[in-house]
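Undergrad: All I have is the shape, not the residue letters:
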C-alpha cells in the first residue's frame, strides 16, 4: 500500500549540519511528504512509540519511511533497528540507513538487523540532493509499502 502523498518521513540524525542539508535536499527535490527529525536514537524510539510529546499522532504520525544515522548518542542506529524489528505494528517499516560509515562490519550489522538499504552520505550537497531524489522516488513513489500500526 503506498501512502506517499500524505505519509511522513522520519529521519534520525544527531548532527545539526547534516540535518540542515538533508532537509534542504528534501526541499530541493520538492518532496511533498512531511519530514520529522529525531536528534538521537532514544528520541527516534520515543517518536515511533508515540511516547511523551510524540503521543499526538496528528502532529507526529507514524512515518512511512525511517532514514537512520548509525552513529548517534544515547541509542545508536543499530539499537533503533534492533528495537524496531521486534515491534509488532512497526517491524515492517522501511529503513534506509544513511550514514558516513563505509565499514564492512557496520554495513553487515545494519543488514543483519533488518535495514532495507544502506547508503553512505555523500560529501558534497549536490550528491546528497541527487541521492535523496533517487531514494525518495524509489521508497515514496515506486515501492509498495506495508501497513503499519501504532
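TA: All right, it came through fine. Please read all numbers here as calculations on a predicted model, not as lab measurements.
Undergrad: ok now stretch 94-114, how far from the chain's centre?
TA: Distance of stretch 94-114 from the chain centroid (CA atoms, centre = their mean, to the nearest Å) equals 12 Å.
Undergrad: Count the neighbours of residue 96 for me.
TA: For residue 96, the count of nearby residues is 21 (other CB atoms under 10 Å). All C-beta spots, glycine's among them, are computed from the backbone N, C-alpha and C.
Undergrad: how much space between the residue positioned nearest the centre of the chain and residue 88?
TA: Geometric centre of the chain, nearest residue: residue 67, 1.7 Å, by CA atoms, centre = their mean. Residue 67 sits 22 Å away from residue 88, taking CB to CB, to the nearest Å as the criterion.
Undergrad: Find the nearest non-adjacent residue to the residue nearest to the centre of the chain, please.
TA: Leaving aside its chain neighbours, residue 67 sits nearest to residue 11 (4.0 Å; criterion: CB to CB, 6 or more residues apart in numbering).
Undergrad: Now for that neighbour: which residues touch it?
TA: Residue 11 sits next to 19, 22, 35-38, 66-69, 98 when contact means CB atoms under 8 Å, 6 or more residues apart in numbering.
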